[in-house]
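1. got a sequence here, can you model it:
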Amino acid sequence: MLGALDPADLPARLAAARARVDLGDTPGALHDYTALAAWLTEQGREADAVAPLRAVLELDPASAAAARDLARLLVSAGRFDEAAPYLTPDNIGSDPILIRLVAQRRLEQGDVAAGLEL
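-> Here you go, the predicted structure:
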C-alpha cells in the first residue's frame, strides 16, 4: 500500500502527526498522537509514549484522558516531579492505579497526611 507507515517506525509516525498539525489538521494529529501513545503503551514502550501524550496536551490542554495517561506513565517511571502538574483531582479522578501510585509516592516521601488524603 502506497504511503502506509510502518507501525513500529516511531520517528515516521511522529513526523506524520506533526505534518498534520502543519497542514492545519489538528483533529487528525490528535488522533494520530493518541493512537501512537496507546500502541506504544500496549507494546510495553511506556517511555516512548510520553512524547505523543505531551503533543496531545500541547494541542488540546483540556484533554483529561491524555493528562491522566501521561501522569500514570510518569509516576510509574518514578518521574513524580514531571507528573505533578497533571496530578489534579480531575485527572486522578477515581483511577485506582493512579490513586495508588500517587499515595504510595507521597507516603515514601514522608507526607503521610497527603498520602492518606487520596
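2. what is the strand or helix carrying Gly28 packed up against?
-> Using DSSP states H and E, Gly28 sits within helix 26-42. The contact analysis (3 or more C-beta pairs under 8 Å, 6 or more residues apart in numbering; DSSP states H and E) places helix 26-42 against helix 10-22, helix 46-59, helix 64-76. Yep, even glycine has a C-beta here, placed from its N, CA and C like the rest.
3. go through those helices and pick out the most buried.
-> Comparing the helices and strands packed on helix 26-42 by mean neighbour count (mean count of other C-beta atoms under 10 Å), helix 64-76 ranks first with a mean of 21.
4. in this protein, where is pLDDT below threshold?
-> 1-3, 112, 114-118 (pLDDT under 70).
5. so who does the spatially most central residue of the chain touch?
-> The centroid of the chain falls nearest to Leu70 when counting by C-alpha atoms, centre = their mean (2.5 Å). Contacts of Leu70 were listed using C-beta atoms under 8 Å, 6 or more residues apart in numbering, and they are Val50, Leu53, Arg54, Leu57, Ala83, Tyr86.
6. what helix or strand is the nearest residue to Arg68 once chain neighbours are set aside on?
-> Spatially, and ignoring its direct neighbours in sequence, Arg68 is nearest to Asn91 (4.8 Å; C-beta to C-beta, 6 or more residues apart in numbering). Assigned by DSSP H and E, Asn91 falls within helix 89-92.
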